[in-house]
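Asker: heads up, no residue letters with this:
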C-alpha cells in the first residue's frame, strides 16, 4: 500500500509538470507552464577594513552579503505569484558527524554557517487593469529610497544608504495588502495595511529598525500599520516623492508587559535624478515614537533569551543624506561601460528627541562622508570601492573610518 501511494504521488507530479496550462487570453489556448515561470536575482560580496577609534581591535571582514532570487509565476494574464528568497551572509547550516575517538563513538551537531535563509517576499499580484493592481501576502513596505533602489547597480556604495539602513528595517517586508497603480504614466502610488512592528526590538543605536518581526516563526498582527507612497516624474529620469508609515506596536510584543500605546510615525521625502552622465539622490526622514520612555522601561526587563539590545529608545529620529555620481568615461565617449566617481554626505540621529528620564546620548548623532568609485564593465556587473569617514556626536574618541571593496552581479 505504501509503495502504491508513492507511485501515485510520483504519477501526479509527472502529470502536473507535463500538462500544459490553459491561458486566459492565449490565442492558441495552450501554453506550457515553463513559459509562465520567471527567475531573476543578484548577488553581492564585500570586503571591509576598519580604522575605528571606538573599537581599535575591530577586525577586517569579508561578507558574502546576500544572494537574492526572485522566482515568479504567471498564473493568468492578470494574476501572478511573486516571491523572493534571500541567502544572507553565506546562508546557514547545521551538520551532524560521528566522532569515533570518543569513548563509545559520539554524534556531534555543529552550526556550520551563521547566516540566514529568508523568504522575504511571497504574494499574489492581481492586475485587473494596466494602471491598477492589488498585492496580498508578504510585501515590501515602500518607505524611502532604499526600498525602491535596492539592487547593486542602483546605489553607489558596497552597502546601502547608512542613514536609511540604520533607522529603518533593511530590507522591510511585512504581511498584508497593497493597492498600487499609476496615473497618466507620471504619478505612481501605493497604499498598504500590514502587521505592525514589535517594540521589544527598538534600541538607542537603530531606533525602530530592530522592531521588524524576524525572531519568531509566526508574526504577531494584534496591531496593524498603514503606509503610503507617492512618486511623481515631472520630467524624464527625474522622480520626486514622499512616503509615510503609522502604526501601534504595543500589542505585538511577545508578552503583555506594556499597556500604554506606542505608535510609530515616519515621514520622508526624496528625489532621484538620473541625468546621464550625472546621478543625484537625496532624502530626508523624520519619525516619532509615542511613550518612548515607557517602551524603554519595559524593554529593560526583557529576557536575555529574546536577544535584543534593551537600551533606551529615542522619542524621535531624524536623518538626511545627499549623494552625486558622475560617469567619467562619458568624457571619453565610451558607451558600453561606465565608471562613476561619487560622494555622499549623511547626518542622522536615532535619539533626536527623548522623553521622561531618558538620557539624550550624543553618541547617536552621526555624520558620515563617503567617497568612492563604481566600475561597470557590463550592465549586470559592478565593482565598487568606497571610503567612509564617520563621526559620532561630540565624544573625544569618536571617529570610525571604513574602507570597503565589493562587487555585485545581476541576472
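Answerer: Noted; the coordinates are in hand. From a predicted model like this one, the values you see are computed outputs, not experimental measurements. Residues are numbered from 1 along each chain as shown.
Asker: low-confidence ranges in this structure?
Answerer: Confidence mapping of the chain against pLDDT under 70 gives the ranges 1-31, 93-113, 394-397.
Asker: all helices of it, in order?
Answerer: 2-18, 162-167, 292-300 (DSSP state H).
Asker: contact partners of the second one?
Answerer: Outside helix 162-167, the residues within contact range by Cβ atoms under 8 Å, 6 or more residues apart in numbering are 144-146, 159, 170, 205-209, 283, 285, 287, 317, 319-321, 346-348, 350, 366, 368, 370, 388, 390. All C-beta atoms are positioned from the backbone trio N, CA, C, and that covers glycine.
Asker: could you flag which of those residues are buried?
Answerer: Using 16 or more other Cβ atoms under 10 Å as the burial test, the contacts of helix 162-167 include 144-146, 159, 170, 206-209, 283, 285, 287, 317, 319-321, 346-348, 350, 366, 368, 370, 388, 390 as buried.
Asker: Enumerate every residue touching residue 88.
Answerer: Residue 88 makes contacts with 65, 66, 115, 116, 117, 118, as judged by Cβ under 8 Å, 6+ apart.
Asker: ditto for residue 149
Answerer: Contacts of residue 149 (Cβ under 8 Å, 6+ apart): 155, 272, 281.
Asker: Please name the spatially closest residue to the residue nearest the centre of the chain (chain neighbours excluded).
Answerer: Nearest to the mean C-alpha position of the chain, by Cα atoms, centre = their mean, lies residue 171 at 1.0 Å. Closest residue to residue 171 apart from its sequence neighbours, by Cβ to Cβ, 6 or more residues apart in numbering: residue 150 at 6.0 Å.
Asker: Settle this for me: the one you found is touching residue 168, isn't it.
Answerer: No: assessed by Cβ atoms under 8 Å, residue 150 is found out of contact with residue 168, at 12.0 Å.
Asker: Compare these two (neighbour count), which wins?
Answerer: Legend: neighbour count by other Cβ atoms under 10 Å for residue 150 and residue 168, higher for residue 168 (27 against 15).
Asker: how far away is that one from residue 145?
Answerer: 10 Å (Cβ to Cβ, to the nearest Å).
Asker: for residue 184, same thing?
Answerer: On the measure of Cβ to Cβ, residue 184 and residue 145 end up 23 Å apart.
Asker: One more: residue 176?
Answerer: Note on residue 176: its distance to residue 145, by Cβ to Cβ, is 22 Å.
Asker: Please apply the same query to residue 358.
Answerer: Residue 358 is 30 Å from residue 145, by Cβ to Cβ.
Asker: For residue 80, which non-adjacent residue is closest in space?
Answerer: residue 125 (4.6 Å).
Asker: Count the residues that sit near that neighbour.
Answerer: Neighbours of residue 125 using other Cβ under 10 Å come to 20.
Asker: which residues touch it?
Answerer: Taking Cβ under 8 Å, 6+ apart as the test, what residue 125 contacts is 79, 80, 81, 82, 133, 134, 135.
Asker: Residues in a beta bridge with it, which ones?
Answerer: residue 80, residue 135 (DSSP bridges).
Asker: The one 4 residues further on too?
Answerer: Partner residues in beta bridges with residue 129: residue 132, with DSSP bridges as the criterion.
Asker: Please report how far it lies from residue 170.
Answerer: When residue 129 is compared with residue 170 (using Cβ to Cβ), they lie 33 Å apart.
Asker: likewise residue 308?
Answerer: In terms of Cβ to Cβ, residue 308 sits 17 Å off from residue 170.
Asker: picking that back up, closest one of the contacts of residue 88 to residue 405?
Answerer: residue 65 (12.3 Å; Cβ to Cβ).
Asker: Please report how far the closest one lies from residue 72.
Answerer: The value you get for residue 65 to residue 72, if Cβ to Cβ is used, is 23 Å.
Asker: quick one: which of these two has more around it?
Answerer: More crowded of residue 65 and residue 72, by other Cβ under 10 Å: residue 65, with 21 against 15.
Asker: Quick one: residues contacting the more buried one.
Answerer: Here residue 65 is in contact with 44, 45, 46, 88, 89, 159, 406 (criterion: Cβ under 8 Å, 6+ apart).
Asker: wait, what's in contact with the last one?
Answerer: Residue 406 makes contact with 44, 45, 46, 47, 65, 158, 159, 383, 384, 385 under the criterion Cβ under 8 Å, 6+ apart.
Asker: Now the second one: closest residue in space, sequence neighbours ignored.
Answerer: When you say that, I think you mean residue 45. residue 64 (5.1 Å).
Asker: Neighbours of that neighbour, how many?
Answerer: By other Cβ under 10 Å, neighbour count at residue 64 equals 16.
Asker: Adjust the sequence numbering to begin at 793 for everything that follows.
Answerer: Done: numbering now begins at 793, and the last item shifts to residue 856.
Asker: residue contacts, it?
Answerer: 835, 836, 837, 881, 882, 907.
Asker: thought residue 1055 was touching residue 1040?
Answerer: Yes: judged on Cβ under 8 Å, residue 1055 makes contact with residue 1040 at a distance of 5.1 Å.
Asker: who touches both of these two?
Answerer: Both residue 1055 and residue 1040 lack any common contact, where contact means Cβ under 8 Å, 6+ apart.
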